[in-house]
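Novice: Sequence below, structure please.
(2 chains)
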Amino acid sequence: MCIRKLKESVIEFFIKISGFIIILFVFLIFLFLLKDTVLLFKDFTFKEFIFGKRWLPISEPPHFGIIPLLLGSLYVTFFATIICVPVGIASALFIAEIAPKFLRNILKSFIEILASIPSVVLGFIGIVWLGPFLKDTLKLNTGMCGLTGSFLLAFMSLPTIISISEDAIISVPKSFKEAAFGLGATRWQTLWRVVLPSASSGIIAAIMLGIDRVIGETMVVMMVTGNAPLVPKSILQPLRTLTATIAGEMGEAISGSEHYFALFAVGLILFIITFIINFLSVLLLNRSKK
Amino acid sequence: MAEVIIKTFNLNVYFGKQHILKNINLEIYKNEILGIIGPANSGKTTFLKALNRLNYLFKDYYQEGEIFFAEKNIKYISDNLLRKKIGIIFALPQVLPITIYENIAYGPKMHGIKNKDTLDSIVEKALRKAYLWEEVKDRLNTLATKLSGGQQQRLCIARTLAVEPEVILYDEPCSGLDPISTQKIEEAMHELKNNYTQILVTNNTKQAARATERCAFMLMGELVEIDRTAIIFTSPKDKRTDEYVRGVFG
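Specialist: Coordinates of the predicted model:
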């Protein structure tokens, strides 16, 4: 009896520890980023970092203004979202409500395959095909621009958005639909006025997670957006995102230099942005469960 | 003889290979309250949902035979119009997670009424007819899901009334309700009698005896007997009906 009790408490202890370790990791990562970020501001002001419009890490004196990178990320994310949200929700609706069963299974497995395509491969497609294509059709100076990145990122975030929204749509109680049909609603009216609003929190969470994916993505944007750390005037210009900056420059930055710390600061900003988006999506998901 | 509003002719209904309704021939008169009683799985709900074609939401459903509504075969009436004319109240109140007002305005809006004043008056009228107005008039803009079970069910009745049906189907409307709420719903049904044809499916034979004028007894997908409620409950022709209403089985 006593041994059984001991066994129970040991198991319980391990489960508890595993749970806490996750929190600890997130917290440690935050501290780790913060520790090196703070060192940047020994001889560089916070204001220059946040509001600076120039990112010139190896000029003399160096400039570490995050605005061009931040705008680069926001531009790409914004346009990717505009592209992927309508497409994602529409296909989720199609899969959940309209498609016959066999088509639904086929579509779902293809979406899984889509999710598993390595981002480098998408980057290739961007360089070899999409970039030149956009350049020719839109008469641009270069195809390596924000829009190319947006398209590819939209493509990458589609599986996330589709599968989570589809879950949300499927979990709308059947009784809601029956009630709407019972009042004489057409299929479209039922979808639009009852199913979508009822699933809205889940769908919004799906969008948030999709945006998370877009902001955090590195390889594709590094390959196709042109990597010019300038304040972008439009989405059709080369630009550079937060993630691509860290990945591209970390190798060259001397450990312990200002440049090195500045990259940590960029990482911290990225961390904070994704944290906020994640937090919001969790909030919304919880609301939808009630 | 009263005017016939719904008539089924050799109605046979299947879910996949299961034969649910067997040769139902039934006439429903205008402005009557018809009760349908019978043990579970005898096809009562299926029969109701056949009348406004809600069964077609299930993929493996098919039916044979004809159903006539106001002398017109329902095959030739569009789903939306049919379901507007023949409203249904489900066993569990199915309020939508929106406000009380929106729940009721939802139907009329969908059928094209946009004027705010018209909607307001429709909502009030419907709520009054369903005996709910006094209880909710001060909080029309709160979530309908916050109402009690009985209120929700009356809200569903109001919502159905708001699209101006001619027939109201009740699918065990009181199965989840307390006696007081049940009584209120029966009162509402009684008031509605003058303007609507009502069909009440119920497991509660006492309710059928109280609230209906004619009563049909169904067993295993067959219509065993239909007659005036008083006769069904006192001197039915079929032995099975007699046993059921006396509580021998079921």
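Novice: The residue of chain B found nearest chain A - how many residues pack around it?
Specialist: Chain B approaches chain A most closely through residue B:84 (3.6 Å), counting by Cβ to the nearest Cβ. All C-beta atoms are positioned from the backbone trio N, CA, C, and that covers glycine. The local packing of residue B:84 (other Cβ atoms under 10 Å in any protein chain shown) involves 24 other residues.
Novice: Quick check: end-to-end length of stretch B:195-214?
Specialist: Chord length of stretch B:195-214, first to last residue, is 17 Å (Cα to Cα, to the nearest Å).
Novice: Pull out the buried positions in it.
Specialist: B:196-205, B:207-209, B:211-212, B:214 (16 or more other Cβ atoms under 10 Å in any protein chain shown).
Novice: What about those, which are in helices?
Specialist: The members of those that map onto helices under DSSP state H are B:205, B:207-209, B:211.
Novice: Mind exporting the C-alpha coordinates of stretch A:114-133 to PDB?
Specialist: Output in PDB follows, covering the C-alpha atoms of stretch A:114-133 (Å, rounded to 0.1, in the frame of the first residue of the first chain):
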ATOM      1  CA  LEU A 114       1.700  21.200 -48.000                       C
ATOM      2  CA  ALA A 115       2.500  21.800 -44.300                       C
ATOM      3  CA  SER A 116       5.500  19.500 -44.600                       C
ATOM      4  CA  ILE A 117       7.200  21.100 -47.600                       C
ATOM      5  CA  PRO A 118      10.500  22.500 -46.300                       C
ATOM      6  CA  SER A 119      10.700  26.200 -46.500                       C
ATOM      7  CA  VAL A 120      13.900  26.100 -48.500                       C
ATOM      8  CA  VAL A 121      12.100  24.400 -51.300                       C
ATOM      9  CA  LEU A 122       9.500  27.100 -51.300                       C
ATOM     10  CA  GLY A 123      12.400  29.600 -51.400                       C
ATOM     11  CA  PHE A 124      13.700  27.900 -54.500                       C
ATOM     12  CA  ILE A 125      10.300  28.200 -56.200                       C
ATOM     13  CA  GLY A 126      10.300  31.800 -55.200                       C
ATOM     14  CA  ILE A 127      13.700  32.500 -56.700                       C
ATOM     15  CA  VAL A 128      13.400  30.400 -59.900                       C
ATOM     16  CA  TRP A 129       9.800  31.000 -60.800                       C
ATOM     17  CA  LEU A 130       7.600  33.300 -58.700                       C
ATOM     18  CA  GLY A 131      10.200  36.200 -58.500                       C
ATOM     19  CA  PRO A 132      10.800  36.400 -62.200                       C
ATOM     20  CA  PHE A 133       7.100  35.900 -62.900                       C
END
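Novice: tally of neighbours for residue B:178?
Specialist: Neighbours of residue B:178 (other Cβ under 10 Å): 11.
Novice: Could you tell me how far residue A:104 is located from residue B:61?
Specialist: Distance, residue A:104 to residue B:61, by Cβ to Cβ, to the nearest Å: 19 Å.
Novice: Equivalent analysis for residue A:9, please.
Specialist: Residue A:9 sits 55 Å away from residue B:61, going by Cβ to Cβ.
Novice: Which residue lies nearest the spatial centre of chain B?
Specialist: residue B:169 (1.4 Å; Cα atoms, centre = their mean).
Novice: That one reaches residue B:50, doesn't it?
Specialist: No: look at residue B:169 against residue B:50 with Cβ atoms under 8 Å: they stay out of range, at 10.2 Å.
Novice: Heading C-terminal from the helix or strand hosting residue A:90, find the next helix or strand.
Specialist: Element membership for residue A:90 (DSSP states H and E) is helix A:67-93. Later in the chain than helix A:67-93, the nearest helix or strand by DSSP H and E is helix A:101-115.
Novice: Look at residue 20 and say how many residues are nearby.
Specialist: Using chain A here. Neighbourhood size, residue A:20 [other Cβ under 10 Å]: 10.
Novice: meant chain B, my bad for not saying
Specialist: Close neighbours of residue B:20, defined as other Cβ under 10 Å, add up to 21.
Novice: Tell me which stretches of the chain form helices.
Specialist: As the question left the chain open, I've gone with chain A. Under DSSP H, chain A gives helices at A:2-40, A:46-51, A:67-93, A:101-115, A:119-125, A:131-138, A:146-170, A:174-182, A:187-189, A:196-216, A:219-224, A:242-249, A:258-289.
Novice: The intended chain is chain B.
Specialist: Going by DSSP H, chain B shows helices at B:44-51, B:79-85, B:100-110, B:116-129, B:133-136, B:149-162, B:179-192, B:205-211, B:229-234, B:239-246.
Novice: Tell me which residues touch the residue in chain A that chain B sits nearest to, please.
Specialist: In chain A, the residue found nearest to chain B is residue A:184; the distance is 3.6 Å by Cβ to the nearest Cβ. Counting by Cβ atoms under 8 Å, 6 or more residues apart in numbering or on different chains, residue A:184 touches B:79-84, B:107, B:110-111, B:163.
Novice: Could you pick out the residues of chain B near chain A for me?
Specialist: Within chain B, the positions near chain A by Cβ under 8 Å from any Cβ of the partner chain are B:52, B:54, B:57, B:79-84, B:87-88, B:90, B:92, B:94-98, B:106-107, B:110-111, B:156, B:159-160, B:163.
Novice: Could you write me a PyMOL select line covering just the buried ones among these?
Specialist: Only the buried entries of the residues of chain B next to chain A go into this PyMOL selection, using 16+ other Cβ under 10 Å:
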select buried, chain B and resi 52+54+79+80+82+83+84+87+88+90+92+94+95+96+97+98+106+107+110+111+156+159+160+163
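Novice: about what we covered before: quick check: which of the helices of chain A is buried the most?
Specialist: helix A:219-224 (a mean of 26; mean count of other Cβ atoms under 10 Å in any protein chain shown).
Novice: and for that one, what are the contacting residues?
Specialist: For helix A:219-224, with Cβ under 8 Å, 6+ apart as the criterion, the contacting residues are A:76, A:119-120, A:122-124, A:126-127, A:130-131, A:144, A:148-149, A:152-153, A:156, A:240-241, A:243-244, A:247-248.
Novice: For residue B:14, which residues are in contact?
Specialist: Shown in contact with residue B:14 (Cβ under 8 Å, 6+ apart): B:20, B:61-63.
Novice: out of those, which one sits closest to residue A:72?
Specialist: Using Cβ to Cβ, residue B:61 comes nearest to residue A:72 of the contacts of residue B:14, at 55.3 Å.
Novice: if I look at that closest one, how far off is residue B:22?
Specialist: Counting by Cβ to Cβ, the separation of residue B:61 from residue B:22 is 15 Å.
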